[in-house]
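In: Take a look and give me a structure for this.
(one chain, ligands or ions: 1)
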Amino acid sequence: MSATVLDGKKIGRVIEEELFHRITNLQSKEIAPHLAVVIVGDDPASHVYVRNKEMACERCGIKSTRIDLDGNISEEEILATVNMLNSDNSVHGILVQSPLPKGINESMVTDAILPEKDVDGFHKMNLGRLVQGDSSGLLPCTPAGIMKILESSDIELSGKNALVIGRSRIVGMPMSILLAQRGIDATVTIAHSRTKNLSEICRKADLVVAAIGKPEFVKSEWIKSGAIVIDVGINRVEDSSRKSGYRLVGDVDSDVSKVAGYITPVPGGVGPMTIAMLMSNTIMATESQSM
Ligand code: GUN
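Out: Below is the predicted model:
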């Protein structure tokens, strides 16, 4: 038996369509929701992600402005750009694409964004609210998108063992908080590069969220039969048979789908959900700034 595929592209498009009425309501008050995306340097994957975010804005009727900064720029200049966007009342959401070049303090940049414009949900104020058990604010897009996939697929997590592999600021840490929150009630384990016996821990998990950025790292022998597997990885591996010279693979080996009960594909799983949640956060930010 092979796993049921959790179609993030389809679920993400439904979320985007559900924003339509809120967007037209804002437009009827002459408010144009506006997202500013800052990208620093020429990381090819980041450029693809930013382009996908711009295309989603076009689909939804959200204005987007992209600011390209040179990879050699100083932290002060990035902060000056953020401050300029903070004080521009026509901009409702600000996102600085990660990773930033070496030497730039990412959390300093994130915390410079006004919390009400922080559509990534990475600002201390927004993460602090989440840690205090309030998930009604701007939530980090990837973990929030994963919660939506689980919810819209009627996957019940109360009392289940959830394993989050990876403890990043963007995915792993906020993901574990969302899974453990009251009302979801999963029993959460966070694994990372120092974890011992990962395969054993993984075999006990009813839900595995793989967010480590290592191609095909999670193997089928590690997975409990029928488990839910969420693959956050988007890794480029060389493939000379392709015109591009590479193909995209997740953090989960393709054989896992023979053992798991549910799985997210790469591409077309978590990626489109992240973008749909960014659109949703942008509308939430616009509404709260327009009250
Ligand atoms: N890089 C990879 N994922 C993300 C994300 O969700 N937000 C930002 N700003 N950068 C990223």
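In: Can you identify each of the strands in the stretch 1-150 of the chain by residue range?
Out: 4-5, 34-40, 63-69, 93-96 (DSSP state E, counting those that start in this stretch).
In: Please render these as CSV that adds distance to Ile23 to the earlier fields.
Out: (C-beta placed from N, C-alpha, C; glycine too.) Shown next, in CSV, are those (distance: least, C-beta to C-beta, whole Å):
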stretch, distance to Ile23
strand 4-5, 30
strand 34-40, 12
strand 63-69, 11
strand 93-96, 13
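In: Burial check on the residue lying closest to Ala191 once chain neighbours are set aside, number of neighbours?
Out: Spatial nearest neighbour of Ala191, excluding adjacent residues (C-beta to C-beta, 6 or more residues apart in numbering): Ile165 at 4.7 Å. Using other C-beta atoms under 10 Å, Ile165 has 29 neighbouring residues.
In: re earlier: okay, the strands of the stretch 1-150 of the chain, which one's buried deepest?
Out: Counting by mean count of other C-beta atoms under 10 Å, strand 93-96 has the highest mean neighbour count of the strands of the stretch 1-150 of the chain, with a mean of 26.
In: circling back: of the strands of the stretch 1-150 of the chain, which is nearest the ligand?
Out: strand 93-96 (4.9 Å; C-beta to the nearest ligand atom).
In: Could you pull out the helices in the protein for me?
Out: 8-18, 20-28, 44-60, 75-86, 106-112, 124-131, 141-152, 172-180, 198-203, 270-289 (DSSP state H).
In: So what's the model's average confidence on stretch 42-54?
Out: The pLDDT scores in stretch 42-54 average 97.
In: Mind listing residues that contact that stretch?
Out: 35, 37, 39, 64, 66, 71, 95, 97-99, 234, 236, 271, 275, 278 (C-beta atoms under 8 Å, 6 or more residues apart in numbering).
In: Which members of those residues define the maximum pairwise distance?
Out: The largest separation in these, counting by C-beta to C-beta, is between Leu35 and Arg236 at 26.0 Å.
In: still on that earlier bit, out of the contacts of stretch 42-54, which touch the ligand?
Out: Here is what survives when those are matched to the ligand using C-beta under 6 Å from any ligand atom: 95, 97-98.
In: need those residues in a markdown table with pLDDT, can you?
Out: Converted to a markdown table, these look like this (pLDDT from 0 to 100):
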| residue | pLDDT |
| --- | --- |
| Leu95 | 98 |
| Gln97 | 98 |
| Ser98 | 97 |
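In: Perfect, that will be all.
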